[in-house]
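[1] predicted model, plus sequence, below.
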Amino acid sequence: MEHEYKLYYLASPYSHDNTNMRQERYEAVNDATIILLRQQVYAFSPITYNHPMERHNLPTDWAFWKPYDIAFLERCDAVLVLKLDGWRESIGVTAEIEKAISLGIPVQYLEPEEVFAEGYTFVED
């Protein structure tokens, strides 16, 4: 099925023992999502959507969110990886990249210092 608009999956690290670190990661990926949206780059950020549910005592680990997140990733045209601190060690980000590659979904890496710089313009690889 051909879609009128391209949909991106925005992967970023989240899980951490420190609640403040999870909050910082949530805020950073929200900011990146807004920056992309203002450029009509339609990115689904699972962290943006899922983090507010933490107050309902849902787990914050990849094992719980994996099936949910992968269901969205499989429907996207490309994956964007926001390279926040910890992205290389993130079990979830690693699994999302591997899943995208296995499905032939392109993966593009975004440097936070570029995304958050004034005047940033998204350019697809």
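    Happy to help now that I have it. Residues are numbered from 1 along each chain as shown.
[2] going forward, measure contacts and count neighbours with C-alpha atoms only.
    OK.
[3] so what touches the strand or helix carrying residue 99?
    Element membership for residue 99 (DSSP states H and E) is helix 91-103. With Cα atoms under 8 Å, 6 or more residues apart in numbering as the test, helix 91-103 has contacts from 11-13, 62, 66, 70, 73-74, 78-79, 81, 87-88, 106-107.
[4] for these, which one is nearest residue 29?
    Closest to residue 29 out of those is residue 12 (7.0 Å), distances taken as Cα to Cα.
[5] least confident secondary structure element in this structure?
    helix 46-50 (a mean of 90; mean pLDDT, DSSP states H and E).
[6] angle of the helix or strand that that one is followed by against helix 91-103?
    Going down the chain from helix 46-50, the next helix or strand is helix 62-73, by DSSP H and E. Put simply, helix 62-73 runs at 40 degrees to helix 91-103, going by axes from the mean of the first three to the mean of the last three Cα atoms, to 10 degrees.
[7] export stretch 98-112 to CSV, keeping only CA atoms.
    C-alpha atoms of stretch 98-112 as CSV (Å, rounded to 0.1, in the frame of the first residue of the first chain):
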residue,chain,number,x,y,z
GLU,A,98,18.4,-4.9,14.3
LYS,A,99,14.7,-5.3,13.6
ALA,A,100,14.7,-2.5,11.0
ILE,A,101,17.7,-3.9,9.2
SER,A,102,16.1,-7.4,9.2
LEU,A,103,13.0,-5.9,7.6
GLY,A,104,15.0,-3.8,5.1
ILE,A,105,13.8,-0.6,6.7
PRO,A,106,16.4,2.2,6.3
VAL,A,107,18.1,3.5,9.5
GLN,A,108,19.4,7.0,9.9
TYR,A,109,21.4,8.3,12.8
LEU,A,110,20.7,11.8,14.3
GLU,A,111,23.4,13.7,16.3
PRO,A,112,21.7,15.5,19.2
